[in-house]
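# coords please:
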Amino acid sequence: MLVGLAVAIVVALLASRYVYQQVRRSTTVVVAPKFSPVVVAAAPLGLGVRLKASDLRILNWPLGQQPPGSFSRIEDCVDRALIAPVVANEVILDQRLARREAGAGLPAAIPEGMRAVSIRVDDVVAVAGFVQPGTMVDVMVTGDPSMTGRPGISITRTFLEDIRVLAAGQQVQQDATGKPQTVNVVTLLVTPEQSDMLALASTEGKIHLALRNTIDTKEVAPAAAYTSSLFLQAPPVVVASKPVVAPRPAVSGPAPYVMEMIRGDKLESKSFPDDAAR
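Take a look at the predicted model:
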């Protein structure tokens, strides 16, 4: 009887061990994650660079979480130029690449519908060399007194705001250390309408650039500054237009008295003014 009891206990232990092992196996099964290939930059690449296969590499990305516009094959990106700089391991996106027929360099970095306009600058206009590619600026123009129609009154006005600098001189990349660059020409990214205004301002007036924070995109539309407000601490002189005076209607006098007189066989009428109405 003791032997049978011992055998039963051993069988029960073996059975429980078997069940425990099966349950453990079923709960510790690890599902291998699924990945999708995504094309990234193999090294830092600058604006306008035409991509080569050696500039790119494949990185495994969680399936279903690929960034919109990403590529899974390197050959789909080759021979297309970057319209914005990228860093190493940054995902290459379709919206940051120019079309193959757009070429390379600065022209490829100009979005459709936009224009690149260059203006001559000096150390003052270029904000001591800190106006570099990728920075944002406001453009001001100072007009000659003869242009305002009011002799002796100069005017400075901000006519373009939040404009991107495409190039400083022939450089399309910022200095890695932020060191200022002395250049003679700055190229701005503007709309066709803004390009006309910029060309006119550079010809007829003197241009200044105001450097602004790249994340500050709010348009302020500041009021124009006049010579009188700058030196005399007085509000700008505004020449009021002459009021148009409507012609006064003609005032007719009171109706005269009419008296009929008979002289012989003739009837005559004579008018006399109404003196009482005066």
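# who's in contact with the residue minimising distance to the centre of the chain?
Taking Cα atoms, centre = their mean, the centroid of the chain lies closest to Asp162, which sits 5.6 Å from it. Residues in contact with Asp162 (Cβ atoms under 8 Å, 6 or more residues apart in numbering) are 136, 138, 212, 216-217, 219. Bear in mind the C-beta positions are built from the backbone N, C-alpha and C, glycine included.
# how about CSV for these, with neighbour count, secondary structure and distance to Ala41 added?
Formatted as CSV, the contacts of Asp162 follow (neighbours: other Cβ atoms under 10 Å; DSSP: H, G, I helix; E, B strand; the rest coil; distance: Cβ to Cβ, whole Å):
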residue, neighbour count, secondary structure, distance to Ala41
Met136, 18, strand, 24
Asp138, 18, strand, 32
Arg212, 17, strand, 29
Asp216, 9, coil, 28
Thr217, 10, coil, 27
Glu219, 9, coil, 34
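# pretty sure Ser118 is in a helix, no?
No: per DSSP: H, G, I helix; E, B strand; the rest coil, Ser118 lies outside any helix segment and is strand.
# report the secondary structure element holding Tyr18.
If you go by DSSP states H and E, Tyr18 is part of helix 2-27.
# which secondary structure elements does whichever helix or strand comes after that helix contact?
For helix 2-27, the succeeding helix or strand toward the C-terminus, using DSSP H and E, is strand 35-41. If you count contacts as 3 or more Cβ pairs under 8 Å, 6 or more residues apart in numbering; DSSP states H and E, strand 35-41 packs onto strand 56-62.
# show me what the strand it packs on packs onto, helices and strands only.
strand 35-41.
# list the buried residues of the strand it packs on.
Judged by neighbour count using 16 or more other Cβ atoms under 10 Å, the buried positions of strand 35-41 are 38-41.
# any chance of the residues you listed in CSV, plus pLDDT and distance to Ala126?
Output for the buried residues of strand 35-41, formatted as CSV (pLDDT from 0 to 100; distance: Cβ to Cβ, whole Å):
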residue, pLDDT, distance to Ala126
Val38, 95, 40
Val39, 96, 37
Val40, 96, 35
Ala41, 95, 30
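# ranges for the strands of the stretch 151-278 of the chain?
155-168, 185-190, 206-212, 225-226, 257-263, 266-272 (DSSP state E, counting those that start in this stretch).
# partner strands of the second one, with direction?
I take that to be strand 185-190. Sheet partners assigned to strand 185-190 using DSSP bridges are listed as strand 115-120 (antiparallel), strand 155-168 (antiparallel).
# go on, the third one?
According to DSSP bridges, the neighbouring strands of strand 206-212, each with its direction, are strand 136-143 (antiparallel).
# what residues go with each domain of this protein?
35-109, 115-231 (automatic domain parsing).
# out of the contacts of Asp162, who's nearest Arg100?
The closest of the contacts of Asp162 to Arg100 turns out to be Met136 (Cβ to Cβ; 29.6 Å).
# give the bridge partners for the closest one, please.
Residues in beta-bridge contact with Met136 (DSSP bridges): Arg164, Arg212.
# now do the same contact list for it.
Per Cβ under 8 Å, 6+ apart, neighbours of Met136: 162-165, 211-214, 216-217.
# make a markdown table from these and add distance to Val49 to it.
Below are the contacts of Met136 laid out as a markdown table (distance: Cβ to Cβ, whole Å):
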| residue | distance to Val49 |
| --- | --- |
| Asp162 | 26 |
| Ile163 | 24 |
| Arg164 | 18 |
| Val165 | 18 |
| Leu211 | 26 |
| Arg212 | 27 |
| Asn213 | 27 |
| Thr214 | 21 |
| Asp216 | 29 |
| Thr217 | 27 |
